[in-house]
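Enquirer: dropping a prediction and its sequence here:
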Amino acid sequence: MVASLGVHLGGTSASLALCEDGRTEIIANDVGDRVTPALVACVGREKTVGLPAKHGLIRNSKNTMARASKLIGLRFSDDAAQQEVEMCECKIIEKDGEPFFEVEMNEKPIYFSPKDVLKIIFNKLLEIGQNDRTIRRTVLVYRLGGTSCDVTVIAVNGGMYRVVAVENDASLGGIKFDELLAQHLASEFKKQWQQDVTSNTRAMAKLKASAETCKHVLSSRDTATCAIESLYGGVDLNSKVSRARFESLCLSLFQQSLAAIDRVLTKARVSKENIDQTFKDYFFACKVILVGGSARIPRIQQLVQEYFVDKEVLHSINPDGVLAYGAAIQASLLQGREVELNNDEDEVECTSKTISVELDDSESLMCPIIHKYSPIPTRTTHTFTTAADNQETVRLCVYEVEEEDIPGGCGRNLVAKVVLEGIPPMAKGQANIVGTFHVRRDGSLHIHLVETTSQKSADMTVDSI
């Protein structure tokens, strides 16, 4: 069967799809991304396209041609063209009444029409399509779980995976972070109350449990509160821990995990300086995949990203669940479902956190509206009411919640507060307020509240959740 190509040339990005044997696939470019920046840059005597042009955008903006598709079919004098002239840092001039990009190549001015730019991008996409079946890639999987740290280098070639090197550090894991934080809390308790709880098994168990909860909260917030009733001798503990303090306590362990990366690269006979030339003819895109609950710690993510400066660090699938996610895919492969799994229709984006709401100034509990891992786009409705007689205003707080099963919505982050005014006076509990919550494909959340009697309404959109 003859293959068919589909091309998208947008204002900011471009992509290529291949339909063959009844299966459609978005083709990844030479760095593993399925979307290529729609940019063409001139550097000396050469032209760069896509991600290399984007990486040099700050220092070479005057020679980087962008948003070319916006100028197609326009005369230079058109208002839309003039808007692009004002927005574009690359110079756009008039030639025969049409807009042209003016850039410098080999110290001479060169002119490109919008069609010329799109043709260059189009040729790059075709090159990607031709190379797709032969390109070889390498992936580094960094797993930091509760009791160990594992780093694996995997070579990928035409859908075949080969483990090149593995390094394990059984002395490192999330439990170690909990223990350090628990020791810190015990020290704070001793300073305040002159009581040493480190030898009391029950008290330390309470501290470790609370430390684990604080650690989870600090992955999404700057501070966390550790509150333990009757920790020791009838005395309560109430202490705040900042993310900076937690990172300071655990920094040596965080850095220890990077040593595991050094060792696995040594086993694979490659250094991070020449990592792009790994395994002779292999292209090392070095997609670094973060796995394990402790990989959610922001400082860990930052250190790994700093280690691999020019590489992409992936954690879009929740590191807690990615192992089960991959195991389910592998189980399906073993059952002979390769065709279904290779079809893009099976690749569904999901919400990474629970969306919960709570009425301000009321005794209502926080209520989950959209649960974690819900496929997007998704839409749901919920009915609210007033908490007092003649209440004319309702304030609805919308949160992202890390863990639904922790009392009080531990790890919650306020993303929006919607105010509905003008509710007709009536007894409490009589108002009928319908809330609609819509998570769109682009990850934005749209909230709409309406009081059904008066039709008074309020709307808000959160760009990204």
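Expert: Structure's in. What do you need? Predicted, not measured: the structure shown is a model, and the values here were computed from it.
Enquirer: which residue packs closest to Val394, ignoring adjacent ones?
Expert: Spatial nearest neighbour of Val394, chain neighbours left out: Leu420 (4.7 Å); criterion: CB to CB, 6 or more residues apart in numbering. Glycine gets a C-beta too; all of them are placed from N, C-alpha and C.
Enquirer: can I assume that neighbour sits in a helix?
Expert: No - Leu420: not assigned to a helix; according to DSSP: H, G, I helix; E, B strand; the rest coil it is strand.
Enquirer: and the pLDDT for it?
Expert: pLDDT recorded at Leu420 is 93.
Enquirer: which is the next helix or strand following the one helix or strand Ser252 maps to?
Expert: Assessed by DSSP states H and E, Ser252 sits inside helix 243-267. Proceeding N to C from helix 243-267, the next assigned helix or strand is strand 287-291, under DSSP H and E.
Enquirer: packing partners of that next one?
Expert: For strand 287-291, the elements it packs on are strand 136-144, helix 298-307, strand 313-314, helix 322-334, judged by 3 or more CB pairs under 8 Å, 6 or more residues apart in numbering; DSSP states H and E.
Enquirer: which one of the ones you listed is the most hemmed in?
Expert: With neighbours defined as mean count of other CB atoms under 10 Å, the helices and strands packed on strand 287-291 peak in mean count at strand 136-144, which reaches a mean of 22.
Enquirer: quick revisit: ok, and what's touching the helix holding Ser252?
Expert: The contact list for helix 243-267 (CB atoms under 8 Å, 6 or more residues apart in numbering) reads 140, 142, 144, 149-153, 164-169, 172, 176-177, 180-181, 184, 214-215, 218, 221-223, 271-272, 275, 297-300, 303-304, 307.
Enquirer: mind listing the strands for the stretch 301-450 of the chain?
Expert: Secondary structure of the stretch 301-450 of the chain (DSSP state E, counting those that start in this stretch): strands at 313-314, 354-359, 367-370, 378-384, 393-401, 413-421, 433-439, 445-451.
Enquirer: ugh, wrong one, I meant the stretch 51-200 of the chain
Expert: Under DSSP E, counting those that start in this stretch, the stretch 51-200 of the chain gives strands at 64-66, 91-95, 98-105, 108-112, 136-144, 149-157, 160-169.
Enquirer: what's the shortest one packed up against?
Expert: The helices and strands touching strand 64-66, judged by 3+ CB pairs under 8 Å, 6+ apart, are strand 39-43.
Enquirer: skip the chain neighbours and tell me the closest residue to Leu16.
Expert: Spatial nearest neighbour of Leu16, chain neighbours left out: Leu125 (4.3 Å); criterion: CB to CB, 6+ apart.
Enquirer: go ahead and confirm the one you found touches Gly10.
Expert: No - counting by CB atoms under 8 Å, Leu125 does not reach Gly10; the two are 12.0 Å apart.
Enquirer: between these two, who's got more neighbours?
Expert: Neighbour count, other CB atoms under 10 Å: between Leu125 and Gly10, Leu125 has more, with 22 against 13.
Enquirer: sorry, back to before: any idea how far the residue nearest to Leu16 lies from His371?
Expert: The spacing between Leu125 and His371, counted by CB to CB, to the nearest Å, is 38 Å.
Enquirer: ok, now Asn318?
Expert: To His371, Asn318 is 13 Å away according to CB to CB.
Enquirer: same check, this time on Val164
Expert: From Val164 over to His371 the distance is 38 Å, taken as CB to CB.
Enquirer: so what's Ser113 scoring on pLDDT?
Expert: Value for Ser113, per-residue pLDDT: 94.
Enquirer: wouldn't it be in contact with Asp96 here?
Expert: No - shown here, Ser113 and Asp96 do not form a contact pair, counting by CB under 8 Å, at 10.0 Å.
Enquirer: please say which of the two ends up with more neighbours.
Expert: Ser113 (17 against 8).
Enquirer: now the more buried one: closest residue in space, sequence neighbours ignored.
Expert: Spatially, and ignoring its direct neighbours in sequence, Ser113 is nearest to Phe100 (5.5 Å; CB to CB, 6+ apart).
Enquirer: bridged to that neighbour, which residues?
Expert: On the basis of DSSP bridges, Phe100 is bridged to Ile93.
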